[in-house]
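Enquirer: Fold the following for me, if possible:
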Amino acid sequence: MSDFLSLFLALIIAAITYGTPLLFGTLGEILTEKSGNLNLGVEGIMFMGGALGLGGVFYYEKAGGASGLAAVGIGILCAFLAGALASLIFSFLTITLRANQNVTGLALSIFGTGVGQFVGEYMRVRENGYISIGNALKGFFQNSPFPAALRKIPVVGGVLFGNSVFFYLGLILAIGMFFFLNRTRTGLYLRSVGESPATADAAGIAVERYKYLATVIGGGISAVGGMVYIMTIAGCVWNHEGLSGVGWLAVALVIFCMWRPLSAIWGSVLFGALMIL
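Expert: Numbers count the residues shown, from 1 in each chain. Alright, predicted model coming up:
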């Protein structure tokens with residue numbers, strides 16, 4: 001294998017690694033915006049997801065937990081709940097109280113960043129050092145779930161089978177979201193709420209309920225992206241500057257991908273490559 005090809009393949013793998021957190025952040029915001037809400041607080045949501053996701057896994061391991069699958073599940077759950085709670089606050093202010101979405105989203109970005117920073121630094125000070133998890137659990141977050149034989153396939157093995165489990169979960173989520181939005185009645189109702197809420201309301205669709213659910217679930221998905229960043233790119237160590245700007249890139253990627261979940265796959269890899277370069 002030539003040096004150029006090796007370098008090119010290494011760039012693709014690194015682009016996938018850096019693009020995976022963006023994929024979750026983008027998919028979450030796509031779901032939110034399909035309901036007609038614009039949540040500019042993705043940056044803060046991802047900060048909260050990163051800090052609380054890492055914290056959940058750290059204290060799980062400290063309590064004696066050693067199951068990698070359980071650790072991954074706890075990380076996803078803690079991050080999702082953090083993002084869902086932040087998005088619930090956003091939903092209440094913008095849907096129920098009809099506050100300005102742009103101002104509320106910017107405030108959430110500042111608030112969420114502050115909460116994430118506080119939680120991360122509080123854990124670090126309380127534990128008298130860095131907040132990190134052991135190498136045994138790190139492997140479940142950072143290594144590929146596929147056998148070594150598949151990863152060693154010439155040229156394509158590393159690209160197709162050498163990524164973390166979160167990339168493949170992101171692919172499944174993107175494909176599932178595509179079919180949900182375009183092939184199910186509930187997805188079509190959600191799109192109608194975002195495109196014409198007055199028409200949807202006249203047709204008997206519960207507009208506020210769809211907006212709440214899409215925004216809360218979308219925020220939870222975006223927060224998982226923050227956890228993925230900390231657990232893969234940041235090496236499972238809390239870094240108070242590690243996530244800076246990733247949420248804003250996710251918001252930009254939503255527009256770049258034209259609000260299409262499948263386009264978010266290659267778009268996130270492209271943005272990941274640009275981050276590497």
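
Enquirer: center of the chain - which residue?
Expert: Computing the C-alpha centroid of the chain and ranking residues by Cα atoms, centre = their mean puts residue 225 first, at 2.2 Å.

Enquirer: can you give me phi and psi for it?
Expert: The phi/psi pair for residue 225 (degrees, to the nearest 10) reads phi -60, psi -40.

Enquirer: give the contact list for the spatially closest residue to it that is not a sequence neighbour.
Expert: If the residues on either side of it in the chain are set aside, residue 225 comes closest to residue 24, at 3.2 Å by Cβ to Cβ, 6 or more residues apart in numbering. Heads up, the C-betas are built off the backbone N, CA and C, glycines and all. If you count contacts by Cβ atoms under 8 Å, 6 or more residues apart in numbering, residue 24 has them with 166, 170, 173, 221-222, 224-225, 228.

Enquirer: From residue 166, how far off is residue 24?
Expert: Taking Cβ to Cβ, to the nearest Å as the measure, residue 24 falls 8 Å from residue 166.

Enquirer: okay, and the common contacts of the two?
Expert: residue 228.

Enquirer: re earlier: ok, now which ones touch the residue nearest to the centre of the chain?
Expert: 20-25, 28, 46, 49, 246, 250.

Enquirer: same deal with residue 166?
Expert: Residue 166 neighbours (Cβ under 8 Å, 6+ apart): 20, 24, 141, 228, 231-232.

Enquirer: Show me the two of those residues that sit farthest apart.
Expert: Farthest apart among the contacts of residue 166 by Cβ to Cβ are 24 and 141. That separation is 13.8 Å.

Enquirer: rewinding a little: in whichever strand or helix holds the residue nearest to residue 225, what counts as buried?
Expert: Mapping residue 24 onto the secondary structure by DSSP states H and E places it in helix 3-34. Of the residues in helix 3-34, 9, 12, 14-34 count as buried by neighbour count, 16 or more other Cβ atoms under 10 Å.

Enquirer: re earlier: of the contacts of residue 24, which is the most crowded?
Expert: Using other Cβ atoms under 10 Å as the neighbour criterion, residue 222 leads the contacts of residue 24 with 37 neighbours.

Enquirer: who's in contact with the closest residue to that residue other than its chain neighbours?
Expert: Distances taken as Cβ to Cβ, 6+ apart place residue 28 nearest to residue 222, at 3.2 Å, with adjacent residues excluded. The contact partners of residue 28, taken as Cβ under 8 Å, 6+ apart, are 42, 45, 83, 217-225, 250.

Enquirer: how about the residues you listed in JSON lines, adding pLDDT, secondary structure and distance to residue 149?
Expert: As requested, the contacts of residue 28 are exported to JSON lines (pLDDT from 0 to 100; DSSP: H, G, I helix; E, B strand; the rest coil; distance: Cβ to Cβ, whole Å):
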{"residue": "42", "pLDDT": "97", "secondary structure": "helix", "distance to residue 149": "39"}
{"residue": "45", "pLDDT": "97", "secondary structure": "helix", "distance to residue 149": "39"}
{"residue": "83", "pLDDT": "97", "secondary structure": "helix", "distance to residue 149": "37"}
{"residue": "217", "pLDDT": "98", "secondary structure": "helix", "distance to residue 149": "37"}
{"residue": "218", "pLDDT": "97", "secondary structure": "helix", "distance to residue 149": "38"}
{"residue": "219", "pLDDT": "97", "secondary structure": "helix", "distance to residue 149": "39"}
{"residue": "220", "pLDDT": "98", "secondary structure": "helix", "distance to residue 149": "36"}
{"residue": "221", "pLDDT": "98", "secondary structure": "helix", "distance to residue 149": "33"}
{"residue": "222", "pLDDT": "97", "secondary structure": "helix", "distance to residue 149": "35"}
{"residue": "223", "pLDDT": "97", "secondary structure": "helix", "distance to residue 149": "35"}
{"residue": "224", "pLDDT": "98", "secondary structure": "helix", "distance to residue 149": "30"}
{"residue": "225", "pLDDT": "97", "secondary structure": "helix", "distance to residue 149": "30"}
{"residue": "250", "pLDDT": "96", "secondary structure": "helix", "distance to residue 149": "35"}
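
Enquirer: What is the most widely separated pair among those residues?
Expert: Checking the contacts of residue 28 with Cβ to Cβ, the most distant pair is 217 and 250, at 15.7 Å.
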